[in-house]
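Enquirer: Following is a predicted model, sequence given first.
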Amino acid sequence: MKEIKTCNAFAQHICRTLLLMTLLLPVHLLAQTDSTKAIDTTAPEAPSLIAPSIELITVQKADNTIDLKASVKAKVKGTFIKLPMLKVSFVQVNDTVETALGFLITDRNGAAVLNVKAGGLKTDTGGKLLFKALFAGNKAMETAEGEATIKRARLEIVPVKGDSSNSVQVKLVDIGSGEEKPVSEIAVGIFVKREFNPLKIGEGTTDESGEASVEVPNNLPGDDKGNITLLAKLDENEIYGNMEAVAVQKWGVPVSNKIEQLPRALWSSHPPLWMLITFILLMSIVWGHYIVIIVQLFRLRNEDRHATN
């Protein structure tokens, strides 16, 4: 009888434990959907596209060609970055009629330069040309467009060799109307072509005949034959844009482009012989002392072994 009571008490204890564990388990409550609440059917907002910008610059050259220079960049997180590998199309607009000139892919600096012959371009009634650079956009970027308007002109450079000094004669003429008209009161810079950026050596202002003269120094370094490349440049003019003319003359100091071994000197990689010999002697004396010390240590060690034996 006592055993039966013990079993009943144990069974009651187990039932209480299971009931307590059931109450402590998390319960998911199911609620009825509110049919009166409006359902939001709006689609998720699409990610914003990058908005690039195109800067178009024109350069009129003396050989009757025009360089169209497009630069593509965009502002991302407050910083302007250059956009490479983008297709940029160039067109000329004349009375709402667009004439395709070609297309290029931007380089790693986001730039593309197209050279066109100005002889086949049609000017408007004012003798002006309107160019556009277009980017059609893609999945990540919006469309972009840049334009530039210039008036046709020509910049000439003529080297003048004198007895004691040399100079260049520049001439600026307006050819927008089909006739050559001198342009006065325009500042034209004279430069010498260098590896990275041109070196400015002077500036002249055109007179009533559209001409200006600038002296060229005689100590300019040239190539191995003494040739220097002279540039006449008109930068960012409101009417004519950018213009450029080139002339090559043998007016510089010859500078060899061959790689030659420099003479022995303190500042070169080949020191003088007396310094090299002195250095070798000093190092020999120092290391000689180390060698003598090591030999003497070995001798003392051997003598100590013989004495012990």
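Expert: Okay, I see it.

Enquirer: which intervals of the stretch 201-309 of the chain have sub-threshold pLDDT?
Expert: Residue ranges of the stretch 201-309 of the chain with pLDDT under 70: 259-260, 309.

Enquirer: rerun at 80
Expert: Scanning the stretch 201-309 of the chain for pLDDT under 80 picks out 256-270, 303-309.

Enquirer: What are the boundaries of the strands in it?
Expert: Taking DSSP state E, counting those that start in this stretch, the strands of the stretch 201-309 of the chain run over residues 211-216, 228-237, 241-249.

Enquirer: With distance to Thr79 as added columns, please give those strands in JSON lines.
Expert: All C-beta spots, glycine's among them, are computed from the backbone N, C-alpha and C. Listed next are the strands of the stretch 201-309 of the chain as JSON lines, based on distance: least, C-beta to C-beta, whole Å:
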{"stretch": "strand 211-216", "distance to Thr79": "41"}
{"stretch": "strand 228-237", "distance to Thr79": "25"}
{"stretch": "strand 241-249", "distance to Thr79": "27"}
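
Enquirer: May I see the ones you listed arranged in TSV, with mean neighbour count and distance to Arg152 as well?
Expert: TSV is the format used below for the strands of the stretch 201-309 of the chain (neighbours: other C-beta atoms under 10 Å; distance: least, C-beta to C-beta, whole Å):
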stretch	mean neighbour count	distance to Arg152
strand 211-216	18	19
strand 228-237	19	13
strand 241-249	19	10
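
Enquirer: Domains of the chain: list them as residue ranges, please.
Expert: Listed domain ranges for the chain are 52-151, 153-249 (source: automatic domain parsing).

Enquirer: what would those domains look like in a markdown table with distance to Pro263?
Expert: Below are the domains of the chain laid out as a markdown table (distance: least, C-beta to C-beta, whole Å):
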| stretch | distance to Pro263 |
| --- | --- |
| domain 52-151 | 41 |
| domain 153-249 | 20 |
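
Enquirer: which one of those domains lies closest to Phe298?
Expert: domain 153-249 (61.8 Å; C-beta to C-beta).

Enquirer: Now Pro84: closest residue in space that isn't a chain neighbour?
Expert: Arg108 (4.8 Å; C-beta to C-beta, 6 or more residues apart in numbering).

Enquirer: helix, strand or coil for the one you found?
Expert: coil (DSSP: H, G, I helix; E, B strand; the rest coil).

Enquirer: Return the distance of it relative to Lys82.
Expert: 8 Å (C-beta to C-beta, to the nearest Å).

Enquirer: The two: which is more packed in?
Expert: Set Arg108 next to Lys82 and count neighbours by other C-beta atoms under 10 Å: Lys82 wins out with 14 against 8.

Enquirer: Was I right to think that one contacts Lys75?
Expert: No. The criterion here is C-beta atoms under 8 Å, and Lys82 misses it with Lys75 at 11.5 Å.

Enquirer: and Pro272, what does it touch?
Expert: Taking C-beta atoms under 8 Å, 6 or more residues apart in numbering, we find Pro272 in contact with 264-266.

Enquirer: Which one of those residues is nearest to Thr96?
Expert: Using C-beta to C-beta, the contacts of Pro272 come closest to Thr96 at Ala265, 69.9 Å.

Enquirer: which strand is the longest one in the chain?
Expert: Across the chain, the longest stretch assigned as strand under DSSP state E is strand 65-76.

Enquirer: Now do the helix or strand that it is followed by: which elements does it pack against?
Expert: Once strand 65-76 ends, the next helix or strand along the chain (criterion: DSSP states H and E) is strand 79-82. Applying 3 or more C-beta pairs under 8 Å, 6 or more residues apart in numbering; DSSP states H and E, we find strand 79-82 packed against strand 65-76.

Enquirer: quick check: angle from the strand it packs on to strand 241-249?
Expert: 120 degrees (axes from the mean of the first three to the mean of the last three C-alpha atoms, to 10 degrees).

Enquirer: For strand 65-76, which strands pair with it and how are they oriented?
Expert: Strand 65-76 pairs in its sheet with strand 52-61 (antiparallel), strand 79-82 (antiparallel), strand 111-117 (antiparallel), by DSSP bridges.

Enquirer: most neighbours, which of the contacts of Pro272?
Expert: Compared across the contacts of Pro272, Arg264 has the highest neighbour count, 14 neighbours, by other C-beta under 10 Å.

Enquirer: List the contacts of it.
Expert: Neighbouring residues of Arg264 by C-beta under 8 Å, 6+ apart: 270-273.

Enquirer: Please repeat the previous calculation with a cut-off of 7 Å.
Expert: Counting by C-beta atoms under 7 Å, 6 or more residues apart in numbering, Arg264 touches 270-272.
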